[in-house]
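> just to be clear, the model below is a prediction. Sequence and coordinates:
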Amino acid sequence: MKQIPESENAPVLRTDFSDQIAWEKIRTEILKPVGIFRFRANVEFIDDLDFADISKDQLLEILPTDYNHSFIIVVDQTAISHPEHPLLIIDLFDRSVHEFRALPTQIQGIENNLSIANMDFEEFADSVDEDGVFRGFPEDR
């Protein structure tokens, strides 16, 4: 299987290719500037059929242990098919396999804060709603 490319920007890996319109909607939401400071997500979209239907375990096997990001954003079947498009965020820091889901409109804050270690993965994971999806911190809603 192909390797996940290294990049300066956080990877957004597409693994479900069943709905091009949903994919484009997700990309658009991730690329929109948000908040009063108009934060942008510094991401690289990996849109390659070689990664179609890859499982989390397979993904972790092909990522090098010295991968230059502490997390990866996955656009899987759930993200494509669910009306809110909750993306899978996987913690790669210590291969602890912690994960949570987040709305595409929250990726800017997640990426910005995790990439500079301003916040920890657990701060986001511990703030998910009852259904396991991060929709923002309660004070920001």
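Yes, it's here. Numbering: from 1, shown residues only.
> surely N9 is in contact with F45?
No: in this structure N9 lies outside contact range of F45 using CB atoms under 8 Å: 9.3 Å. Backbone N, C-alpha and C define where each C-beta goes, glycine included.
> and the residue nearest the centre of the chain, bridged to which residues?
Nearest to the geometric centre of the chain sits I73, at 2.1 Å (CA atoms, centre = their mean). According to DSSP bridges, the partner residues bridging I73 are V12, I89.
> residues contacting it?
Residues in contact with I73 (CB atoms under 8 Å, 6 or more residues apart in numbering) are 10-13, 43, 87-89, 107, 111.
> 7 Å instead?
Listed by CB atoms under 7 Å, 6 or more residues apart in numbering, the contact set of I73 reads 10-13, 87, 89, 107.
> same question for I107.
Residues counted as contacts of I107 (CB under 7 Å, 6+ apart) are 30, 41, 73, 87.
> ok, now how distant is it from D66?
Distance, I107 to D66, using CB to CB, to the nearest Å: 24 Å.
> same check on E84?
With CB to CB as the criterion, E84 and D66 are 34 Å apart.
> okay, the two: which has more neighbours?
E84 (14 against 6; other CB atoms under 10 Å).
> which residues sit in contact with P138?
Per CB under 7 Å, 6+ apart, neighbours of P138: none.
> which SSE is the nearest residue to L49 once chain neighbours are set aside in?
Closest residue to L49 apart from its sequence neighbours, by CB to CB, 6 or more residues apart in numbering: F17 at 6.4 Å. F17 is part of no helix or strand, with elements assigned from DSSP states H and E.
> my guess is F17 meets I54, correct?
No: F17 lies out of contact with I54 (CB atoms under 7 Å); the separation is 11.3 Å.
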